[in-house]
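> give me a 3D structure for the following:
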Amino acid sequence: MSNVVEGLVCHQLVADLEQNGLLRELESIYRRGRSTETAVVKVVADFLSAADRGDVSFPSLLDLSTAFDC
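Below is the predicted model:
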């Protein structure tokens, strides 16, 4: 039962955030058609664009996969 309620609340929250323009265009969390794959493609494209312009890029990568484990 709690999973159903959580899903409904999540759906409504994201809909309200999108409707009021409170989510950035690149925000992927809980949005249809967005995934870690689209985020990685965007990062790679940004690095390649920077390299084409002759800019230097330094990635700052964090692994937060276990940050919230209890």
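> so residue 63, which state does it fall into?
coil (DSSP: H, G, I helix; E, B strand; the rest coil).
> now do residue 49 against residue 56, distance only.
Residue 49 sits 13 Å away from residue 56, taking CB to CB, to the nearest Å as the criterion. No exception for glycine: its C-beta is placed from N, CA and C like everyone else's.
> quick one: which of those two has more around it?
residue 49 (11 against 6; other CB atoms under 10 Å).
> quick one: the helix or strand harbouring the more buried one to chain centroid distance?
Element membership of residue 49, judged by DSSP states H and E, is helix 36-53. Put simply, helix 36-53 sits 14 Å off its chain's centre (CA atoms, centre = their mean, to the nearest Å).
> how much space between the residue nearest to residue 57 when sequence neighbours are not counted and residue 5?
Leaving aside its chain neighbours, residue 57 sits nearest to residue 50 (4.7 Å; criterion: CB to CB, 6 or more residues apart in numbering). To residue 5, residue 50 is 44 Å away according to CB to CB.
> tell me which of the two has more neighbours.
Between residue 50 and residue 5, counting by other CB under 10 Å, residue 50 is the more crowded of the two (12 against 9).
> you'd agree the more buried one is up against residue 58?
No: counting by CB atoms under 8 Å, residue 50 does not reach residue 58; the two are 10.3 Å apart.
> fine by me, thanks again.
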